[in-house]
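Undergrad: pasting the sequence and the predicted model now:
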Amino acid sequence: MKTVDTRFGLIQFDPSRTIVFTQGMLGFEHLKHFVFVPTEKDDFLFCLQSVEDGSVAFLLVDPTRYFPAYSCPITAQERTLLNVGPEEDVLILTTITVHQDRSITLNLTAPVLIAPASSLAMQIVLEDGTYSPREPLPDVFQ
């Protein structure tokens, strides 16, 4: 077990369960190694904690929970970078932001792809203009 000092306190993690980002997260390309930290309140929220910089963590959520029609096609090239075949599962999650005014948005433009089989991940940008990087959480969920 290893330990990382985070803004949530000391977190112990198993290095073999580290998620490795092939290119880092947008704006954090220098950070490659993350772990999932359980969230106490919600089982649908994921906290992705950097093990290289304890001050960096992201809240992630399955976007289809709030936007059932959300679609993110995964290309063959992305599957190759994630080291998974066409039939293997890839989690599609989006970052969630709680703003100072307590409004909540999801970044539907830049989903995070996580391949549980390989423990590799990447963030991609959907450039077709269908989704917003600051999509408000529907009022029914606030």
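TA: Looks like it arrived, so ask away.

Undergrad: chain center to stretch 40-48, what's the gap?
TA: 11 Å (C-alpha atoms, centre = their mean, to the nearest Å).

Undergrad: any buried residues in that stretch, and which?
TA: Buried residues in stretch 40-48, defined by neighbour count with 16 or more other C-beta atoms under 10 Å: 45, 46, 47, 48. Quick note: C-beta positions are derived from backbone N, CA and C, even for glycine.

Undergrad: how about the secondary structure of the last one?
TA: The reference is to residue 48. strand (DSSP: H, G, I helix; E, B strand; the rest coil).

Undergrad: point out where the protein drops to low pLDDT.
TA: Residues of the chain meeting the criterion pLDDT under 70: 41-42, 140-142.

Undergrad: which residues of it fall in helices?
TA: Here the chain has its helices, by DSSP state H, at 76-81.

Undergrad: give the bridge partners for the closest residue to residue 18 other than its chain neighbours, please.
TA: Nearest residue to residue 18, sequence neighbours excluded (C-beta to C-beta, 6 or more residues apart in numbering): residue 33, at 5.0 Å. Applying DSSP bridges to residue 33 gives these bridge partners: residue 20.

Undergrad: could you pull out the strands for this structure?
TA: For the chain, the strands defined by DSSP state E cover 2-6, 9-13, 19-21, 33-37, 45-50, 57-61, 91-98, 104-106, 112-115, 120-123, 135-136.
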